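coords please:
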Amino acid sequence: MKDVSYGARKELPGVDFEEAVSRVEEALGEEGFGVLTRIDVKDTLKKKLDVDFKRYVILGACNPPLAHRALAADDDIGLLLPCNVVVAETPEGSEASYARPEAMLAMAGVPEMEPVAREAEEKLARAFERL
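Below is the predicted model:
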């Protein structure tokens, strides 16, 4: 997986996929995020398309105080919530990545959103440092 301008990632060599998911959820929790959704991409692709894919989950992470601030500034911002975090299996172990809130919320063009996005991104970055 390559680095992209709208996301950040961390490789977790030697870390089993389920352990990586657990570590990510714990680190997110330490920054006030809860996981609202968990999409098992491997399972979904197998069921819907009979396609084999690596273990890969998309976690919908939410920090309620930040979400409330964002929604108070622009209730349409719900279209860009929650923060997406991915954990994927790699040949070396696992990797985790997140969509950068500053990049995602910049699409809204609402100046009041900038401090909320910055704080969310700082919290996600700290969570990923713990991995």
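
Please count neighbours and contacts with C-alpha atoms only from this point.
Fine.

So in terms of bridging, what pairs with residue 35?
Beta bridges link residue 35 to residue 61 when assigned by DSSP bridges.

wouldn't it be in contact with residue 63 here?
No. Using C-alpha atoms under 8 Å, residue 35 is not in contact with residue 63, being 9.0 Å away.

Can you check which helix is longest in this structure?
Counting by DSSP state H, the longest helix found in the chain is helix 113-129.

chain center to it, what's the gap?
Offset of helix 113-129 from its chain centre (C-alpha atoms, centre = their mean, to the nearest Å): 11 Å.

Contacts only, for the residue most central in space within the chain.
For the chain, the residue nearest the mean C-alpha position is residue 85 (1.7 Å; C-alpha atoms, centre = their mean). By C-alpha atoms under 8 Å, 6 or more residues apart in numbering, residue 85 lies in contact with 58-61, 96-99.

which helices and strands does the helix or strand of the chain with the lowest mean pLDDT pack with?
Lowest by mean pLDDT, DSSP states H and E among the helices and strands of the chain is helix 101-106, with a mean of 90. Applying 3 or more C-alpha pairs under 8 Å, 6 or more residues apart in numbering; DSSP states H and E, we find helix 101-106 packed against helix 113-129.

tell me which residues in the helix it packs on are buried?
Neighbour-count burial for helix 113-129 flags 113-114, 116-118, 120-125, 127-128 (criterion: 16 or more other C-alpha atoms under 10 Å).

again, but for stretch 71-86
Going by 16+ other C-alpha under 10 Å, stretch 71-86 has these buried residues: 77, 81-86.

ditto for stretch 43-56
Within stretch 43-56, the residues scored as buried using 16+ other C-alpha under 10 Å are 43, 55-56.

got the CA positions of it in CSV?
Output of stretch 43-56 as CSV, limited to C-alpha atoms (Å, rounded to 0.1, in the frame of the first residue of the first chain):
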residue,chain,number,x,y,z
ASP,A,43,-15.9,-11.6,4.1
THR,A,44,-18.1,-9.2,2.1
LEU,A,45,-16.2,-9.8,-1.2
LYS,A,46,-16.4,-13.6,-0.7
LYS,A,47,-20.1,-13.5,0.0
LYS,A,48,-21.1,-11.0,-2.6
LEU,A,49,-18.7,-11.8,-5.4
ASP,A,50,-17.1,-15.1,-4.5
VAL,A,51,-13.7,-13.3,-4.6
ASP,A,52,-10.8,-14.1,-2.4
PHE,A,53,-9.1,-11.1,-0.8
LYS,A,54,-6.7,-10.6,2.0
ARG,A,55,-7.9,-9.9,5.6
TYR,A,56,-8.9,-6.3,5.5
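
Thanks a lot, catch you later.
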